[in-house]
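Colleague: Predicted model and sequence follow; I will ask about them next.
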Amino acid sequence: MIDTFLKAVDGLTRLSAWVAASLLAVLALLGMAEILSRALFNYSIPIAFEYSSYMLAFIMFGGSAWALREGGHIRVTLIMGPFGPRSRRVLDIGATAIGLAVSIYLTYAVIAFTVGTYVLGTNSFFPSETPLAIPQTGLAFSVTLLTLALLARLIRLFIGEPTEAGNHDETLEENVI
């Protein structure tokens with residue numbers, strides 16, 4: 001059961017990372033199109049700023065769960081230097097638990113906000129009048145996935161599995177600067 005959960009979270013994080021990377025490419029293209037449009041035609045693409053903002057929010061959180069699993073987040077390992085492996089593990093569990101608690105609250109707040117937007121039928125104030133529930137649903141999914149990734153990391157710490165995907169011989173000692 002736990003293994004199925006961990007594999008499912010890993011699969012969703014990879015999918016989310018691919019979507020985030022694709023949106024990053026679209027964001028770059030949209031930015032270049034906006035620059036060219038302004039420079040050549042003195043015309044601003046009406047959706048450029050609005051949709052760039054939506055994409056940026058998803059890119060940031062959509063890639064965070066994958067980065068967590070791949071060990072891509074910045075960690076202050078200098079603090080763990082003086083401690084032995086057992087103490088480092090306890091500190092890692094504590095830090096992950098705190099991160100999970102913050103992420104649970106953020107997930108709750110974003111989902112509640114998104115549900116409110118669905119109920120009210122709020123649209124963007126930009127000329128496109130995009131229903132805000134659409135980009136907010138993507139944000140809610142990505143924040144929820146980050147919470148699930150933190151939970152998976154905490155489970156891995158408790159059962160002694162490597163917390164980072166590419167490092168199967170991982171020990172906390174090897175990660176200290």
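Modeller: Received the coordinates, thanks.

Colleague: which other helices and strands contact the top helix by length along the chain?
Modeller: Longest helix of the chain, by residue count under DSSP state H: helix 2-41. Applying 3 or more C-beta pairs under 8 Å, 6 or more residues apart in numbering; DSSP states H and E, we find helix 2-41 packed against helix 48-62, helix 64-70, helix 133-159. Quick note: C-beta positions are derived from backbone N, CA and C, even for glycine.

Colleague: Among those helices, which comes closest to Pro127?
Modeller: Pro127 lies closest, by C-beta to C-beta, to one member of the helices and strands packed on helix 2-41: helix 48-62, at 8.6 Å.

Colleague: Could you list the buried residues of the closest one?
Modeller: Within helix 48-62, the residues that count as buried by 16 or more other C-beta atoms under 10 Å are 48, 50-52, 54-55, 57-59, 61-62.

Colleague: pLDDT below threshold where in the chain?
Modeller: The chain contains residues with pLDDT under 70 at 74-77, 167-177.

Colleague: from the buried residues of helix 48-62, which two are the most distant?
Modeller: Every pair of the buried residues of helix 48-62 checked by C-beta to C-beta; the farthest is Ala48 and Phe61, at 21.3 Å.
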